[in-house]
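Requesting a structural model of the entry that follows:
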Amino acid sequence: MINVSYVPAFEDNYIWLIHKENDPHIVIVDPGDAEPVLAAIATHSYIPVAILITHHHGDHIGGIRRLTQDYDIPVYGPSNEGIGSITHPVREGDCIDIAVLDCTFDVLDVPGHTRGHIAYYSEKSLFCGDTLFTAGCGRLFEGTAAQMYQSLQKIAALPNDTLVYCAHEYTLDNLKFAKVVEPDSAELEQRVQDTLAARKRGQPTVPASLALEKATNPFLRCHLPNVIEAAENFALKRLQSGADTFTVVRHWKDTLD
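Residues are numbered from 1 along each chain as shown. Okay, here's the model as predicted:
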C-alpha cells in the first residue's frame with residue numbers, strides 16, 4: 001500500500017509525497033513551491049522518481065523547474081493545458097506505472113476548474129488537485145458548470161473508502177457554506193466539530209474519505225431533496241436536474257466568498 005505525506009506550502013496548499021513504508025523513493029504531486037519539497041527531501045533522505053501535475057495554475061506547477069534541475073525525473077501532467085515542463089502528457093485512460101514503487105496511477109479527466117484538469121487514482125487514493133475539495137469543490141475558472149458536475153459525478157462513482165487528497169486546506173470555510181445549504185444536518189455538524197478539533201491540534205483535515213464527502217459535501221449532494229430545495233429557494237425557481245442544482249449551488253457559494 002502507498003503511504004502519503006504532505007508538505008505545506010504558501011498559505012493553505014498541500015504538496016503530496018507518495019511513497020512506500022521504509023522506502024525513500026517518492027512521487028511528488030503538484031509542487032507549487034520547490035523549497036519546502038527540497039527541505040523534506042533533505043530531512044528524510046527521499047529520492048524523487050516522478051512528479052504528477054493536475055493542472056496549470058502556478059501554485060501547482062511553480063516548483064517544477066527547480067526540482068527538475070536537481071533531479072532528472074519524468075513530469076506527468078494534463079495533455080491539453082500547454083504546461084511547458086511536462087515531459088509525459090497524459091489523459092483519461094492512461095495508466096502511469098511507477099515501477100520502483102510497484103504502483104500505478106489511473107488518470108481521470110476532471111475538467112471544470114480548468115479546461116484540462118486531471119486527477120490520479122491509485123490504491124483507493126485520489127489526488128484531485130482543485131476539482132473536489134474537502135466539503136467543497138473548485139471554482140469554475142475555465143470550464144463550465146456542466147463539466148464540473150460531470151467530473152464530480154465521476155469521482156463520486158469511485159469506492160466510498162477512497163481517500164480524497166485535494167490540494168488546499170479549505171475544509172472549515174467550505175463547511176460554513178455547507179451549513180447554509182443543509183443547516184439541520186447532524187452529519188455536517190459532527191464534521192464541523194471534528195474539523196475544529198483537528199485544526200486546534202494543528203492537524204490537516206485532508207485527506208477525507210469519499211463516504212464522508214458524500215454525506216456532507218453539498219456539491220456531491222445535488223441529487224438529494226434537501227439540497228435541491230435549498231437551491232430552489234435561493235434561485236427562486238424550479239430546478240430540473242442535478243446539473244441545474246449544482247450550477248445554482250456553485251453560484252450561491254461564489255456570492256458568499
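
Could you check how far the one residue sitting closest to the centre of the chain is from His60?
The residue lying closest to the centre of the chain (Cα atoms, centre = their mean) is Cys166, at 2.6 Å. Going from Cys166 to His60 by Cβ to Cβ, to the nearest Å gives 11 Å. Every C-beta, even on glycine, is put in place using the N, C-alpha and C of the backbone.

okay, and the common contacts of these two?
129-130 (Cβ atoms under 8 Å, 6 or more residues apart in numbering).

from what I can see Leu188 touches Asn174, true?
No - Leu188 lies out of contact with Asn174 (Cβ atoms under 8 Å); the separation is 10.8 Å.

Quick one: residues contacting the closest residue to Leu132 other than its chain neighbours.
Leaving aside its sequence neighbours, Leu132 sits nearest to Ile155 (Cβ to Cβ, 6 or more residues apart in numbering; 5.4 Å). Residues in contact with Ile155 (Cβ under 8 Å, 6+ apart) are 108, 110, 119, 126, 128, 131-132, 164, 210, 220.

Any buried residues in the helix or strand hosting Ile155, and which?
Element membership for Ile155, per DSSP states H and E: helix 145-156. Buried residues in helix 145-156, defined by neighbour count with 16 or more other Cβ atoms under 10 Å: 145-152, 154-156.

again with stretch 198-215
Result for stretch 198-215 [16+ other Cβ under 10 Å]: buried residues 205-208, 210, 212-213, 215.

Mind telling me the two of the residues you listed farthest from one another?
Spatially, the most separated pair among the buried residues of stretch 198-215 is Val206 and Ala215, at 16.4 Å (Cβ to Cβ).

out of the contacts of Ile155, who's nearest Ile26?
Leu126 (18.1 Å).

how many neighbours does that closest one have?
Using other Cβ atoms under 10 Å, Leu126 has 23 neighbouring residues.

Just confirm it is within a strand.
Yes - assigned with DSSP: H, G, I helix; E, B strand; the rest coil, Leu126 falls within a strand.

Let me see the contact set for it.
Counted by Cβ under 8 Å, 6+ apart, Leu126 has contacts 119-120, 132, 155, 158, 162-165, 210.

May I ask you to confirm that Ile26 is in contact with His19?
Yes - Ile26 is within contact range of His19, at 4.7 Å (criterion: Cβ under 8 Å).

okay, and the common contacts of those two?
Counting by Cβ under 8 Å, 6+ apart, the shared contacts of Ile26 and His19 are Tyr46.

all strands for the stretch 101-250 of the chain, in order.
Secondary structure of the stretch 101-250 of the chain (DSSP state E, counting those that start in this stretch): strands located at 103-109, 118-122, 125-129, 132-133, 136-137, 163-166, 208-209.
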